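Engineer: generate a structure from the sequence data that follows.
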Amino acid sequence: MSLIVQKFGGSSVEDAAGIKRVANRIVETRKAGHDVVVVVSAMGDTTDDLLELAHEIVDDPAPRELDMLLTAGERISMALLAMAIKDMDVEARSFTGSQAGMQTDAAHGSARIVDVNPKRIKDALDDGSVAIVAGFQGFNRNTGDITTLGRGGSDTTAVALAAALHADVCEIYTDVDGIYTSDPRIVHTAKKIDVISAEEMLELAAHGAKVLYIRAVEFARRYGVEIHVRSSFSHAEGTRILQNPYGDKVEEPIVAGLASDTSEAKVTVLGVPNVPGKAAEIFRLVASVKANLDMIVQNLSGEDDGRTDISFTLPKSEAKSVIDLLSANRGEIGHLGISHDDNIGKLSLVGSGMRSHAGVSATFFTALAEAGINVEMISTSEIRISIVTRADQLATALRAVHSAFELDSDVEAIVHAGTGR
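Structural biologist: Here you go, the predicted structure:
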């Protein structure tokens, strides 16, 4: 008998029919002889609806109370799913994140897991029950308050429980059949990937692939958890994310896939004095508002005036606070102004095989040039090349690069519920 952790996203349990379908999948797994722990998200758009409601009541909801509100969505899902499983004559028990032993720091809205003590989950399994856990939430031992883990928190909950329970596999169920070589909603000829390394998946998740969140992939890589991304709408074999999937005898593919992202903005600090320490001043200020920077480029100003321009990308939601702070400190930094652009798109090419294959960059930039794509920023790692272009050119760029690396499939990819989550 093996222990399987299964996570079902909001699109999988968006209505009564979806909950019953998920319950059937869980019961099938249990009757096959496996112990099963389930992590469930809120139904459909429940979290977004609750967040919108809170902002209709007050402009700036208190973080503690907002966490109390938002965790209600997962509690609804877990209780309804337990009822559906019990109706199929299989014992099930539902648990909130705190009851499941998910201990976090005290940061409301973006808490990080500090410990997992799944005693009640183990007890339920020992009694022959399916344990159903509300994802996205935990509690802080010092304050006793409920916390939420931020977007993608249910993925992180599932992987953390799989690590704590020494599960054989953590199955992430979504509305696509696995990880694809690109977003199948944009590149309809994207191929499903059978196996991918945790290193490659980490890069894809960090640069826009939404099927898995980066914190869950980081957790899995750190604790050696095998993830299997599958569809809750079919029984097709999905994508396995392994530490070393290619082995010693098989050469890894040059390119694993492409990620795209339109959630970032570009900020340029203009006319910064080109002297030591000015970049440090800028990024210390940015760090003070906890902004997450991605790409950074510094260029000498067009005029020979001893000044430079520093550009960086960051989430659109964080741009205003950064711009306001840098503007308020203009005198101290000595810059000439700030420009802001939120109509950008980022494309990232990822593959372990890029380390040992020449010509990848040439193929990449040739494909972009032939498609008429203007490149505004470039960033690289050992297994990744990222560029920034216009948001309205991103889909064209994706398809061009996807074809250039011969990643196209002969059949059209299927997104069962249309969200990719």
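
Engineer: helix, strand or coil: sort out L349 for me.
Structural biologist: Under the three-state scheme (DSSP: H, G, I helix; E, B strand; the rest coil), L349 adopts strand.

Engineer: can you name the helix or strand that the spatially closest residue to it that is not a sequence neighbour falls in?
Structural biologist: Of all residues not flanking L349 in the chain, I385 sits nearest, at 4.8 Å (Cβ to Cβ, 6 or more residues apart in numbering). For every residue, glycine as well, the C-beta is placed using N, CA and C. Under the criterion of DSSP states H and E, I385 resides in strand 384-390.

Engineer: next, the buried residues of that strand.
Structural biologist: By neighbour count with 16 or more other Cβ atoms under 10 Å, strand 384-390 contains the buried residues R384, I385, S386, I387, V388, T389.

Engineer: show the subsequent helix or strand relative to that strand.
Structural biologist: As the chain continues past strand 384-390, the following element, by DSSP H and E, is helix 394-404.

Engineer: got the angle for that next one vs strand 384-390?
Structural biologist: Counting by axes from the mean of the first three to the mean of the last three Cα atoms, to 10 degrees, helix 394-404 lies at 140 degrees to strand 384-390.

Engineer: counting by contacts, list what helix 394-404 packs against.
Structural biologist: strand 257-261, strand 344-350, helix 360-370 (3 or more Cβ pairs under 8 Å, 6 or more residues apart in numbering; DSSP states H and E).

Engineer: select, out of the ones you listed, the one closest to E376.
Structural biologist: strand 344-350 (7.1 Å; Cβ to Cβ).

Engineer: what residues does that closest one touch?
Structural biologist: Under the contact criterion Cβ atoms under 8 Å, 6 or more residues apart in numbering, strand 344-350 has outside partners 200, 203-204, 207-208, 255-262, 264-266, 294-295, 313, 360, 364, 376, 383-394, 397-398, 401, 405.

Engineer: that older thread, and the buried residues of strand 384-390 as a markdown table, adding pLDDT and distance to G44?
Structural biologist: Formatted as a markdown table, the buried residues of strand 384-390 follow (pLDDT from 0 to 100; distance: Cβ to Cβ, whole Å):
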| residue | pLDDT | distance to G44 |
| --- | --- | --- |
| R384 | 94 | 33 |
| I385 | 95 | 36 |
| S386 | 95 | 32 |
| I387 | 96 | 34 |
| V388 | 96 | 33 |
| T389 | 97 | 33 |
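
Engineer: got TSV for the residues you listed, with distance to T46 too?
Structural biologist: Formatted as TSV, these follow (distance: Cβ to Cβ, whole Å):
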residue	distance to T46
R384	34
I385	38
S386	33
I387	36
V388	34
T389	35
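
Engineer: quick check: phi and psi on the closest residue in space to R151 that isn't next to it in sequence?
Structural biologist: Excluding the flanking residues, the one nearest R151 by Cβ to Cβ, 6+ apart is Y213, at 6.9 Å. The phi/psi pair for Y213 (degrees, to the nearest 10) reads phi -90, psi 150.

Engineer: so Y213 sits against A205, correct?
Structural biologist: Yes - between Y213 and A205 there is a contact under Cβ atoms under 8 Å: 6.3 Å.

Engineer: quick one, strands of the stretch 1-150 of the chain?
Structural biologist: Ranges of strands in the stretch 1-150 of the chain, per DSSP state E, counting those that start in this stretch, are 3-8, 35-40, 92-95, 102-104, 113-116, 130-134, 137-139, 146-148.

Engineer: mind listing what the residue nearest the centre of the chain touches?
Structural biologist: For the chain, Y213 is the residue whose C-alpha lies nearest the centre (Cα atoms, centre = their mean; 2.0 Å). Y213 makes contact with R151, G152, D155, T156, A205, according to Cβ under 8 Å, 6+ apart.

Engineer: pull out the buried members of those.
Structural biologist: Buried by 16+ other Cβ under 10 Å: G152, D155, T156, A205, out of the contacts of Y213.

Engineer: most widely separated two among those?
Structural biologist: T156 and A205 (11.6 Å).

Engineer: tell me how far stretch 277-293 lies from the chain's centre.
Structural biologist: Put simply, stretch 277-293 sits 24 Å off its chain's centre (Cα atoms, centre = their mean, to the nearest Å).

Engineer: ok, now stretch 198-210?
Structural biologist: On Cα atoms, centre = their mean, the centre of stretch 198-210 falls 8 Å from that of its chain.

Engineer: shaky segments in the stretch 101-250 of the chain?
Structural biologist: 247-250 (pLDDT under 70).

Engineer: beta partners of the nearest residue to A391 once chain neighbours are set aside?
Structural biologist: Distances taken as Cβ to Cβ, 6+ apart place G345 nearest to A391, at 4.2 Å, with adjacent residues excluded. Following DSSP bridges, G345 is listed with bridge partners T389.

Engineer: right, I'll leave it there.
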